[in-house]
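1. next input, structure requested:
(one chain, ligands or ions: 1)
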Amino acid sequence: LTTQPRHVSEPLNPWAEPAFVTTYERWADPQSTKLAKVAFDKTGVEPGSRILDVGTGVGGLAVLAAERECSVVAVDSSDLMVQRTNTRLAPFGDAHAIQMNARALDLDDDDFDAAFSVFSVTLMPHRDASLREMVRVVRPGGFVCLVHWATPYGHPIFGIVLDAMEQLELSRPGAMGPPIAPLENSHLVHAGCVDVSITDIKLPATLPAPTSFLDELGPILRVIPGFSALQRIHLANLESLVAHKVTHGGPWTLEATIGVGHVPTSRGRWH
Ligand SMILES: C[S@@+](CC[C@H](N)C(=O)[O-])C[C@H]1O[C@@H](n2cnc3c(N)ncnc32)[C@H](O)[C@@H]1O
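-> Have a look, this model is predicted:
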């Protein structure tokens, strides 16, 4: 082993990097939006509803809700994500994005008919505080809907590259940190929801062509510890192993969980 994974050159916050945002919009957003659409349709949101999207990214669910004639507030901690979402929401009347921290929403109680979060608050260390905030801002009788990964490393691109890095001894097993914990009913119940349901969903994943995989996804793959420190020779080896895995592995699927919890029609203000 000649190259130990290094963490020093990892960006502090990849979500705030322009190349990350561009790559995210090209590769990740269309796929998370496919899953978000299933969640949106499953919950039967009426046109005219007031919708909150927490951790909106480049606005996949927010744009979908605006297209369905809802009024939309989208929030994200990354200024660049917020700017991009506002550009996408510009054609719609009552829809905009604001930079805000999910764990302390600067929004009124009972202000929304529903709050969504797609691959965002359930992945955060302050998941429970953020879920309580989502419940607080939804009116009694409204609902909270979460879309969460049902696989240990989320989108299959991460599993493919991690696996190849470990095989080439460019990364230690476990370097990515603990696997993503499953979404459970209790997460929504503890946040104050009733009538909670959890559903699994599986859709085909789209991957870049095997030969351009690392080039296309590079800015996103920097979230893998050690990836951005790899030297040219290691990248070349990694590229051919990844291309082999993409070509001969699969089928590649997006495996997610949709959680829906209702805000009680009468509730005490415990928060
Ligand atoms: C994996 S992305 C999901 C984006 C989008 N919902 C989607 O499905 O494509 C997670 C998003 O959560 C945002 N985020 C991370 N921490 C946050 C926080 N504390 N408050 C608000 N947004 C946060 C990130 O900036 C990023 O845009």
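2. so which residues of this structure form strands?
-> Assigned strands in the chain, in chain order: 50-54, 71-76, 95-99, 112-118, 138-149, 194-204, 253-262 (criterion: DSSP state E).
3. the helices in the stretch 1-150 of the chain, which residues?
-> Listed in chain order, the helices of the stretch 1-150 of the chain (DSSP state H, counting those that start in this stretch) span 18-23, 29-42, 60-67, 79-89, 127-137.
4. any idea which of those is most buried?
-> helix 60-67 (a mean of 25; mean count of other C-beta atoms under 10 Å). Where you see a C-beta, it was placed from the backbone N, CA and C, and this is true even at glycine.
5. which bits of the stretch 51-200 of the chain sit near the ligand?
-> Among all residues of the stretch 51-200 of the chain, those adjacent to the ligand (criterion: C-beta under 6 Å from any ligand atom) are 55-57, 60, 75-78, 81, 101-103, 118-120, 124.
6. looking at the strands of the chain, which is nearest to residue 160?
-> Of all the strands of the chain, the one in closest proximity to residue 160, counting by C-beta to C-beta, is strand 253-262 (12.5 Å).
7. neighbouring strands of that closest one in the sheet, and parallel or not?
-> Strand pairing for strand 253-262, using DSSP bridges, gives strand 138-149 (antiparallel), strand 194-204 (antiparallel).
8. next, the residue in the chain positioned nearest to the ligand: phi, psi?
-> Nearest residue of the chain to the ligand: residue 57, at 2.5 Å (C-beta to the nearest ligand atom). With angles defined as degrees, to the nearest 10, residue 57 sits at phi 60, psi -130.
9. per-residue confidence at residue 176?
-> The per-residue pLDDT reported for residue 176 equals 86.
10. OK, contacts around it?
-> Residue 176 makes contact with 153, 158, 162, 224, 225 under the criterion C-beta atoms under 8 Å, 6 or more residues apart in numbering.
11. one more time with 6 Å, if that's ok
-> Residue 176 makes contact with residue 162 under the criterion C-beta atoms under 6 Å, 6 or more residues apart in numbering.
12. same thing with residue 188?
-> With C-beta under 6 Å, 6+ apart as the criterion, the residues that contact residue 188 are 196, 259, 261.
13. state the distance from it to residue 144.
-> When C-beta to C-beta, to the nearest Å is applied, the distance between residue 188 and residue 144 equals 7 Å.
14. got any residues that touch both of the two?
-> In contact with both residue 188 and residue 144: residue 261, using C-beta under 6 Å, 6+ apart.
15. now do the same end-to-end measure for stretch 37-51.
-> Between the opening and closing residues of stretch 37-51 there is a gap of 14 Å (C-alpha to C-alpha, to the nearest Å).
16. what sits up against that stretch?
-> Stretch 37-51 is contacted by residues 64-65, 68-72, 112-114, 145, 147, 201, 258, 260 when judged by C-beta under 6 Å, 6+ apart.
17. work out the gap between it and the centre of the chain.
-> 18 Å (C-alpha atoms, centre = their mean, to the nearest Å).
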